[in-house]
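K.L.:
coordinates for the following, if possible.
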Amino acid sequence: MKLYKTWQNVIMDGLDTHVTNQIKNKYDFAFWKKLNPELASLVERNERFRGIHKGERCFILANGPSLKETDLSYLKGEILFGVNLCGEAFYNAGIPLSFYLSLDGIFFQGYIEDRNHMIQNLRYIEKMGNVACFFPIECRDFLRGHRFDRKLDVNYLGPVRLSMEKLVASEVNPCELTRFRYLSYSIAIDAVMAAIYMGFTEIYLLGCDASVIKSRIDVFMGNAAGNVHFYGNDGKSFETQMRRRGILQELRTEHYCFQNWNYINQYCMKHGIKLINLSSSTLLDFIPRKSYEKQLQELGIG
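P.N.:
Prediction:
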């Protein structure tokens with residue numbers, strides 16, 4: 001599968017980032033489309049999601065351990081986003097998802113343990129029925145090979161080409177699902193951007209603990225990583241990946257992740273989008289917080 005990379009990227013390094021993003025999304029994508037018309041047409045199908053939930057609210061269920069302390073039964077009937085390996089836990093708890101995202105290539109091209117986890121996870125997503133699923137275009141062969149393209153409502157997102165730096169400077173909606181996508185360093189951020197693209201103006205976060213940094217440090221200090229996600233430990237593959245990349249790369253990843261959360265929060269504030277973190281424990285202290293119970297009461301839920 002050809003994933004186009006151009007020499008223009010070098011020239012654009014000296015340009016203002018949000019200008020660079022606009023150029024890449026308009027012109028570089030057009031060139032990529034000429035080389036990969038079939039793949040580009042799949043990405044452009046996401047036009048059908050543009051603004052379909054204008055002015056509505058949604059809940060994004062991330063995978064932080066704090067989600068274990070949250071009674072999600074109150075959210076039945078709400079529009080819910082789920083991410084990564086949440087399928088089994090939500091299915092068994094009777095929590096139906098409206099949207100599902102998984103964009104980390106390790107689940108589709110990494111260790112066999114991770115690929116098997118994803119296969120099992122997608123079987124539970126399939127059982128839920130009527131879940132719009134978003135995957136990176138790079139994993140198309142994986143999904144087709146396991147026939148998930150016939151079992152799920154599969155939608156593909158374009159290759160990563162954009163930086164989130166100076167996202168807040170964008171005057172138009174940068175959360176574009178029909179072109180290249182941003183390197184977010186967090187699947188929950190990807191879910192927020194998808195929600196913005198769909199027109200949601202109230203976005204509530206749960207399980208957005210941002211506590212993976214503690215597990216990363218534990219690995220290099222010789223301690224057990226503990227439960228990184230609410231559904232349990234990720235197994236040996238998590239620690240193997242950490243050690244392979246090294247502490248500098250891991251801390252750099254965390255820096256970009258927190259920085260990008262700040263960018264998306266500033267963008268929401270600038271454009272009148274309510275982004276509230278309802279997670280019971282979180283390191284994202286710069287995003288407005290509220291208790292889950294109080295917010296449900298204010299919304300008349302439960």
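
K.L.:
buried sites along the longest helix seen in the chain?
P.N.:
Secondary structure of the chain per DSSP state H: the longest helix is helix 247-270. Buried residues in helix 247-270, counted by 16 or more other Cβ atoms under 10 Å: 250, 253-254, 256-258, 260-268. C-beta: built from backbone N, CA, C; applies to glycine.

K.L.:
now swap in stretch 36-51 and tell me
P.N.:
36, 39, 40, 42, 43, 44, 46, 49.

K.L.:
stretch 95-114 too?
P.N.:
95-104, 107-108, 114.

K.L.:
now, those residues that are in helices?
P.N.:
Among those, DSSP H puts 107, 108, 114 in helices.

K.L.:
low-confidence bits of the stretch 51-200 of the chain, can you list those?
P.N.:
Where the stretch 51-200 of the chain drops to pLDDT under 70, the residues are 166-174.

K.L.:
so where do the helices sit in it?
P.N.:
87-92, 106-109, 112-128, 140-145, 148-151, 187-197 (DSSP state H, counting those that start in this stretch).

K.L.:
re earlier: which elements pack onto the longest helix of the chain?
P.N.:
When contacts are defined as 3 or more Cβ pairs under 8 Å, 6 or more residues apart in numbering; DSSP states H and E, helix 247-270 sits against helix 187-197, helix 212-220, strand 274-277.

K.L.:
from the chain's centroid, how far away is it?
P.N.:
Chain-centre distance of helix 247-270: 13 Å, with Cα atoms, centre = their mean, to the nearest Å.

K.L.:
alpha carbons of stretch 126-137, as CSV, please.
P.N.:
Provided in CSV are the C-alpha atoms of stretch 126-137 (Å, rounded to 0.1, in the frame of the first residue of the first chain):
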residue,chain,number,x,y,z
GLU,A,126,-19.8,-6.4,15.9
LYS,A,127,-22.2,-7.9,18.5
MET,A,128,-23.2,-4.4,19.6
GLY,A,129,-24.6,-3.6,16.1
ASN,A,130,-25.0,-0.2,14.4
VAL,A,131,-21.6,1.2,15.5
ALA,A,132,-19.8,3.5,13.1
CYS,A,133,-16.2,2.4,13.3
PHE,A,134,-13.1,4.5,12.3
PHE,A,135,-9.8,2.9,11.4
PRO,A,136,-6.6,4.1,9.7
ILE,A,137,-6.5,3.5,6.0
